[in-house]
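1. need a structure here:
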Amino acid sequence: MAQTINPLAQVPLFSQLSKKSLERISRALRERHFDAGHTVVAEGDEGVGMFIVTSGKAEITRGGTKLDEVGPGGFFGEMALLDHRRRSATVKTLEPTDCLALPRSDFMAELRSDPDLAIELLEVLSRRIRDLDERVGAASH
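-> A predicted model of the protein is given here:
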């Protein structure tokens, strides 16, 4: 169990959650393997969860333009856990890649069964919005 907590704690959405909450969410993680050249998520598809890369490398593109690469410890798709909107980018593996997948349905089930977890996550999101607001405000002066 402990090995799945560290990758979750690296994701800003979860980084400030308690150990108990991280352990609870980690139960929903699923190991996935993708061969090189596999499209893990495609721009415009329904967002059904997030992925944390544990080995390998993937490229993130939008409209065919490279935005970034993610390797071990990197992640993508976290907003799909919350808003269930269409994917804003395509992620394709550059080499054999292992990920921990967190399906939205499992994540939502955890939130529904543990109100304290849901409240803790709302507090984290609120702090992140306030921090962003302060950075934007400071940059405009």
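2. Going C-terminal from the lowest-mean-pLDDT helix or strand in the chain, what's the next secondary structure element?
-> Using mean pLDDT, DSSP states H and E, the weakest-scoring helix or strand in the chain turns out to be helix 2-9, at a mean of 64. Tracing the chain past helix 2-9, the next element assigned as helix or strand by DSSP states H and E is helix 19-26.
3. Which neighbouring elements make contact with that following helix?
-> helix 2-9, helix 104-113, helix 115-139 (3 or more Cβ pairs under 8 Å, 6 or more residues apart in numbering; DSSP states H and E). The C-beta positions use only the backbone N, C-alpha and C, and glycine is treated the same way.
4. Low-confidence ranges, this structure, go.
-> In the predicted model of the chain, residues 1-6, 141 satisfy pLDDT under 70.
5. and with 90 instead?
-> Applying pLDDT under 90 to the chain flags the ranges 1-24, 27, 47-48, 73, 77-86, 110-111, 114-141.
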